[in-house]
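K.L.:
Give the three-dimensional model of this entry:
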Amino acid sequence: MKRVSLALLLIVLLLTTISVSSKDLEIWLVASSEKARLIKDLTNQYFTSKTGVNVNFSTMTWEDANSRIYLALASGDVPDMAQMGSTWQGEYGLRGGILDLGKAFPNETKAILSGMYKGALTPLDFRGTTWGIPAELGNMQAYVRTDIFKDNGWTVPNTWEDLYKIIPKMKAKSMDFGINYGQNGISWFVASAFLRQAGGDIYKPGGEKSILDSPESIDGFIRFTELFTKHGVPKQIHQLEDFKRGYVPFLVISTRVVYGAYMYAAPELKGKWTTALIPGTIRKDGTISHSGYLGTNNFAIFEKTKNKKEAFEWIKWFTSAEIQTIYQKQYEERLPGSFHQSPNIEAMANMGIPTEHRTILMKQLKEDIGIPFALGGEYVWRYVDNATASVVLNGEDPEKAIRKAAKEVTDEMQRKAKEFARFLKDLPAN
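P.N.:
From the prediction side, this is the model:
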């Protein structure tokens, strides 16, 4: 009887130990229920089975994610980790709500980021901090109806000047060039590509002053607005139907939005299209920049979680080349018409798509640059939208419009610098 009692006691102690040592992670994803289920299945199969760490996922939409995370931080009732927009973690990190992974896990963080596209890291670095790890990418890519180009004897344009030569030929055949990112072609997403290609930008990473009034930025903005005012490019297109029907045989568009649809959901396009670099700008040194907008969203760990190490281990696991390759394949199988662009370079090289497509997609990603975090963040880009609208819709002089935007951006960033002064003093000077 004593032996039985002792055995029962040992079992109870063992179960208690297991219960105490087991960990549950809570992760908020910006994802559909189907996408979250895929990530959950992979986690159960490849992560939980090896680590014993159970992971629970909740989903958010982009429309409510920012406010939900903000409210969680304000109340102190946070999950272990959340998926965030490209520069959100900077705002939260400055206030002390997000863990600086570069300080908490310096060597491992450096190792993870070394295998990712350099441009995807731009939003993460603010005065030496690393408040997140890229989760997935979205970029601008060119798409060509090769059958139409061949029939008309057109060459795929390598620069904007090349494009301008064939736009009249397209229009003569009731066709056109199309460009779109976000809501339309005159968005700041598209403007950023022209600014970067010309060697300009809206601000320098970590800075508190706009550089929209630099000669390079002014040149890039003028080139951007002339696309619509001088060359008559439509401000909006139907990115799927116009390409399929041949109305827009050459367009620059979000790969995440269209590649899966063209590749897997439009059998009528088979053998009739390919990808290309977005047209580039010839710089003074003779080089051609094909840089385009690179959107990222990132995983960030909350400072208040007690499971920092476990949360980081999940990030390290999920963003690895092995798991990203598996995820990429299953993502496209289980969500027809979808396409995952991994920040992991090796995983992108493993994509099961035509070699010519993969080569161009990877080359474009190598040139693309994410939006850096700065005081005021993405919100200051609305001044570029306003400047664009004043030129394209109201006929204002582009240089005057962008110089006005430069002043507005600087004023906004200076206001933010005062608001965040107590936090900035703890960071290295830029």
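
K.L.:
Please make it C-alpha for all contacts and neighbour counts, starting now.
P.N.:
Will do.

K.L.:
Contacts for stretch 337-356 next, please.
P.N.:
Here stretch 337-356 makes contact (Cα atoms under 8 Å, 6 or more residues apart in numbering) with 115-117, 120, 134-138, 256-257, 259-265, 275, 319-322, 324-325, 328-329, 331-332, 358, 362.

K.L.:
7 Å - rerun?
P.N.:
115-117, 120, 134-138, 256, 259-261, 264-265, 319, 321, 324-325, 328, 332 (Cα atoms under 7 Å, 6 or more residues apart in numbering).

K.L.:
quick one: contacts of the strand ranked longest in the chain?
P.N.:
For the chain, the longest strand by residue count, based on DSSP state E, is strand 133-145. For strand 133-145, contacts defined as Cα under 7 Å, 6+ apart pick out 120, 249-256, 272-278, 292-300, 341-343.

K.L.:
Adjacent strands (with direction) for that strand?
P.N.:
Paired neighbours of strand 133-145 in the sheet (DSSP bridges): strand 250-254 (antiparallel), strand 273-276 (antiparallel), strand 293-301 (antiparallel).

K.L.:
quick one: residue 325 from residue 318, how far?
P.N.:
Residue 325 sits at a distance of 10 Å from residue 318 (criterion: Cα to Cα, to the nearest Å).

K.L.:
who's more crowded, those two?
P.N.:
A count of neighbours by other Cα atoms under 10 Å puts residue 325 above the other of residue 325 and residue 318, at 22 against 19.

K.L.:
Wait, residue 216 touches residue 200, no?
P.N.:
Yes - assessed by Cα atoms under 7 Å, residue 216 is found in contact with residue 200 at 4.7 Å.

K.L.:
between the two, who's got more neighbours?
P.N.:
The neighbour comparison of residue 216 against residue 200 (other Cα under 10 Å) goes to residue 200, with 23 against 19.

K.L.:
Quick check: chain neighbours aside, which residue is closest to residue 370?
P.N.:
Spatial nearest neighbour of residue 370, excluding adjacent residues (Cα to Cα, 6 or more residues apart in numbering): residue 294 at 4.6 Å.

K.L.:
Please report how far that neighbour lies from residue 112.
P.N.:
Relative to residue 112, residue 294 is positioned 19 Å away (Cα to Cα).

K.L.:
The spatially closest residue to residue 264 that is not a sequence neighbour: how many residues sit nearby?
P.N.:
Closest residue to residue 264 apart from its sequence neighbours, by Cα to Cα, 6+ apart: residue 337 at 5.5 Å. Counted by other Cα under 10 Å, the residues lying close to residue 337 total 19.

K.L.:
please renumber so the chain begins at 755
P.N.:
Taking 755 as the first residue, the last one we looked at is residue 1091.

K.L.:
Can I take it that residue 1091 is in a strand?
P.N.:
No - per DSSP: H, G, I helix; E, B strand; the rest coil, residue 1091 lies outside any strand segment and is coil.

K.L.:
Quick check: can you list the domain ranges of the protein?
P.N.:
The chain resolves into domains spanning 778-890+1049-1124, 892-1047+1126-1175 when parsed by automatic domain parsing.

K.L.:
how about those domains in TSV, adding mean pLDDT and distance to residue 1181?
P.N.:
TSV is the format used below for the domains of the chain (pLDDT from 0 to 100; distance: least, Cα to Cα, whole Å):
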stretch	mean pLDDT	distance to residue 1181
domain 778-890+1049-1124	95	7
domain 892-1047+1126-1175	94	10
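
K.L.:
how about TSV for those domains, with distance to residue 1182 added?
P.N.:
Listed next are the domains of the chain as TSV, based on distance: least, Cα to Cα, whole Å:
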stretch	distance to residue 1182
domain 778-890+1049-1124	6
domain 892-1047+1126-1175	10
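
K.L.:
CA atoms only for the longest helix that the chain contains, dumped as PDB, please.
P.N.:
With DSSP state H setting the assignment, residue counts place helix 1152-1173 as the longest helix in the chain. The C-alpha trace of helix 1152-1173 is given here as PDB (Å, rounded to 0.1, in the frame of the first residue of the first chain):
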ATOM      1  CA  PRO A1152       5.300  70.300 -58.900                       C
ATOM      2  CA  GLU A1153       8.400  72.000 -57.400                       C
ATOM      3  CA  LYS A1154       6.300  74.400 -55.400                       C
ATOM      4  CA  ALA A1155       4.000  71.600 -54.200                       C
ATOM      5  CA  ILE A1156       6.800  69.400 -53.000                       C
ATOM      6  CA  ARG A1157       8.700  72.200 -51.300                       C
ATOM      7  CA  LYS A1158       5.500  73.000 -49.400                       C
ATOM      8  CA  ALA A1159       5.200  69.300 -48.400                       C
ATOM      9  CA  ALA A1160       8.900  69.300 -47.200                       C
ATOM     10  CA  LYS A1161       8.100  72.200 -44.800                       C
ATOM     11  CA  GLU A1162       4.900  70.400 -43.600                       C
ATOM     12  CA  VAL A1163       6.800  67.100 -43.000                       C
ATOM     13  CA  THR A1164       9.600  68.900 -41.100                       C
ATOM     14  CA  ASP A1165       7.100  70.700 -38.900                       C
ATOM     15  CA  GLU A1166       5.300  67.400 -38.200                       C
ATOM     16  CA  MET A1167       8.600  65.700 -37.300                       C
ATOM     17  CA  GLN A1168       9.700  68.500 -35.100                       C
ATOM     18  CA  ARG A1169       6.300  68.300 -33.200                       C
ATOM     19  CA  LYS A1170       6.800  64.600 -32.700                       C
ATOM     20  CA  ALA A1171      10.400  65.200 -31.500                       C
ATOM     21  CA  LYS A1172       9.100  67.300 -28.700                       C
ATOM     22  CA  GLU A1173       6.400  64.700 -27.900                       C
END
